[in-house]
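Q: would you be able to build a 3D model of this:
(chains A and B)
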Amino acid sequence: MTEKTVLNETHRALGARMVDFGGWDMPINYGSQIEEHHVVRRDAGMFDVSHMTVVDLHGARTREFLRHLLANSVDKLKVQGKALYSCMLNEQGGVIDDLIVYFLGEEFFRLVVNAATREKDLAWIEKQAKAFGVEVKERPDFAMIAVQGPNARSKVIGLLAEVDHERIKKLGKFAAAAAQGPHGMPLFVARTGYTGEDGFEIIVPQEHAVALWQALADAGVAPAGLGARDTLRLEAGMNLYGQDMDDTVSPWEANLGWTIALDEGRDFIGRKALEAQKAEGVKRVMVGLVLDDKGVLRHGQVVLTANGNGEILSGSFAPTLGKAVAFARIPTGEAGDVRVDIRGKEVPVRLVKYPFVRDGQPCEGI
Amino acid sequence: MSEIPGDLKFLKSHEWARVEDDGLVRVGISDHAQGQLGDLVYVELPEIGASVQAGHGVAVVESVKAASDIYSPVSGEIVAVNETLNDKPETINEDAFGDGWIFLVRASDRGELNELLDADAYADLVENEDH
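A: Residues are numbered from 1 along each chain as shown, chains lettered A, B, ... in the order given. This is a model prediction of the structure:
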């Protein structure tokens, strides 16, 4: 059974090409994926991300529970509204999912997890929460719209109640706050995203989502599909769960070491395995690749290095750069001349540090 | 989707063939196919002078989403390729049945054209694919 977001009819009326995405009927583009990519880099675009799962956690021991559940440390969240990106690991140190956690009160945290992993995430979280007496409540009553691009914030702020303008304008990166939207609708506005551009991700009660989408469109925000979202996040150097990491891959092997907090005395799930892996030496690394010649790097292509073979995880044509880029997982060590097997032909590629693009501009060395 | 020109013949794999006044066969992909592929970013054209066989891969089109082999509807020799596509692969998205043609073949056996789908049969094929 394919699930539909509350904006499904809106997408269809806009002539979107719809595809199945993790069991959801979602717009891949509304015409040209590349145009939608550019509009986010240059102006403002919006994505329906209502398929993502919002989970609210309540209880006196919620912070203590999250210290145990997450590889990043919720103790970094000191101010109400602040958000943190983290992996949720199994005992082997494999990534069950990546998520964002919001600190909304000492007894109230909010998680946003991936759509495709919803069931296993909820089962895992509920299982772990029992010992802490934390209430786990999914919020299917919410829709979510991501508004991204250099002009995204000003266009959103223009739609908010006058009294909220200054406060939301001052909202820091990776922080969220409540605000009043068009017709007084209650919004949860977070300065986060998955494109490498500034902007907001807005959680809105389902019954107001269509009106919010329409108001954003009237303010000059262009609809953008999941196709553009994928090339934008790849250029921005952001992992996609299921493609760049999964239950069998540790954060060390997915270039997510920066999200692991090995703070003194915190016993989080997967910590022992991560420490053992580090002590032993991590055998695989995730790297960035650029193809300067014509052709497109794609998921599953074999990467040849001096140390043995690896494979491409996320790979695509990068519209901002006009050439193909990819993430690959290869054996640790000096890689030498790196080549990719594209339909039987060995093509030389450059190994680079990513992100490939930030704030609309190619990064140095790309 | 746009009208399918009546003078075209099709492979089930969505290539079209048009017999020009000089008898040469022009080949491209259908409007339906470009829509399925999405924005094209790269076209690998055949060499002029290369000999091709009906039903065999001759060119490759790559969109942001996927790579797709292009089969020749007829056997013969490549006499021209659409160089515009090197710089502007999106021409196929914009005009699949016209300016977005891919290569031109001097057919060695025009009888092969009779085995292709006509415009109506191709329209039926696309219709069924959508359901």
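Q: look up how far A:G344 lies from the closest residue to B:E44 other than its chain neighbours.
A: Computed as C-beta to C-beta, 6 or more residues apart in numbering or on different chains, the closest residue to B:E44 that is not its neighbour in sequence is B:V60, at 4.1 Å. Heads up, the C-betas are built off the backbone N, CA and C, glycines and all. Plainly put, B:V60 is 12 Å away from A:G344 if you go by C-beta to C-beta, to the nearest Å.
Q: out of the two, which sits in the busier spot?
A: Set B:V60 next to A:G344 and count neighbours by other C-beta atoms under 10 Å in any protein chain shown: B:V60 wins out with 18 against 5.
Q: low pLDDT regions in chain B?
A: Across chain B, the ranges flagged by pLDDT under 70 are B:1-2, B:130-131.
Q: so which bits of it are right by chain A?
A: B:35, B:38-39, B:41-42, B:44, B:60, B:62, B:64-67, B:90, B:93 (C-beta under 8 Å from any C-beta of the partner chain).
Q: now which of those would you call buried?
A: B:38-39, B:41-42, B:44, B:60, B:62, B:64-65, B:67, B:90, B:93 (16 or more other C-beta atoms under 10 Å in any protein chain shown).
Q: kindly reformat those residues as CSV containing secondary structure.
A: Converted to CSV, these look like this (DSSP: H, G, I helix; E, B strand; the rest coil):
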residue, secondary structure
B:G38, coil
B:D39, coil
B:V41, strand
B:Y42, strand
B:E44, strand
B:V60, strand
B:E62, strand
B:V64, coil
B:K65, coil
B:A67, strand
B:E90, coil
B:N93, helix
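Q: and the residue nearest to B:E44, what does it touch?
A: Going by C-beta atoms under 8 Å, 6 or more residues apart in numbering or on different chains, B:V60 touches A:343, B:42-44, B:67-70.
Q: secondary structure class for the residue minimising distance to the centre of chain B?
A: For chain B, the residue nearest the mean C-alpha position is B:G28 (2.2 Å; C-alpha atoms, centre = their mean). Three-state call for B:G28 (three-state DSSP): strand.
Q: buried residues in the top helix by length along chain B?
A: Secondary structure of chain B per DSSP state H: the longest helix is helix B:119-129. Using 16+ other C-beta under 10 Å as the test for burial, helix B:119-129 gives B:119, B:122-123, B:125-126.
Q: same question for stretch A:306-319.
A: For stretch A:306-319, burial by neighbour count (16+ other C-beta under 10 Å) applies to A:310-319.
Q: also stretch A:34-54?
A: Buried residues in stretch A:34-54 (16+ other C-beta under 10 Å): A:34-41, A:43-54.
Q: now the residue sitting nearest the centre point of chain A: how far from chain B?
A: In chain A, the residue lying closest to the centroid (C-alpha atoms, centre = their mean) is A:Y194, at 4.8 Å. To chain B, A:Y194 is 17 Å away according to C-beta to the nearest C-beta, to the nearest Å.
Q: surely that residue meets A:A146?
A: Yes. Applying C-beta atoms under 8 Å as the test, A:Y194 and A:A146 come out as touching, 6.8 Å apart.
Q: so A:V19 bridges to which residues?
A: As for beta bridges, A:V19 partners with A:M26 under DSSP bridges.
Q: give me the pLDDT value at it.
A: If you check A:V19, the pLDDT there is 93.
Q: tell me which residues touch it, please.
A: A:25-28, A:226.
Q: and B:I70, by the same measure?
A: B:15, B:27, B:29, B:57-61, B:102.
Q: let's verify A:R266: helix, strand, or coil?
A: A:R266 - assigned by three-state DSSP - is coil.
Q: look up how far A:M88 lies from it.
A: Counting by C-beta to C-beta - A:R266 and A:M88 are separated by 15 Å.
Q: name the SS class of the closest residue to chain B within the stretch 151-300 of chain A, please.
A: Scanning the stretch 151-300 of chain A for proximity to chain B using C-beta to the nearest C-beta identifies A:V296 as nearest, at 4.7 Å. Classification of A:V296 by three-state DSSP places it in coil.
Q: distance check, it against A:G308.
A: For A:V296, the distance to A:G308 - C-beta to C-beta - is 24 Å.
Q: and the helices in chain B, which stretches?
A: B:31-37, B:84-87, B:91-94, B:119-129.
Q: show me what the third one is packed against.
A: Meaning helix B:91-94. Counting contacts by 3 or more C-beta pairs under 8 Å, 6 or more residues apart in numbering or on different chains; DSSP states H and E, helix B:91-94 packs against strand B:40-44, helix B:84-87.
Q: which strands or helices does the last one pack on?
A: The reference is to helix B:84-87. Looks like helix B:84-87 contacts helix B:91-94 (3+ C-beta pairs under 8 Å, 6+ apart).
Q: what residues does the helix it packs on touch?
A: The contact list for helix B:91-94 (C-beta under 8 Å, 6+ apart) reads A:32, B:28-29, B:34, B:39-40, B:43, B:61, B:82, B:84-85, B:99-100, B:102.
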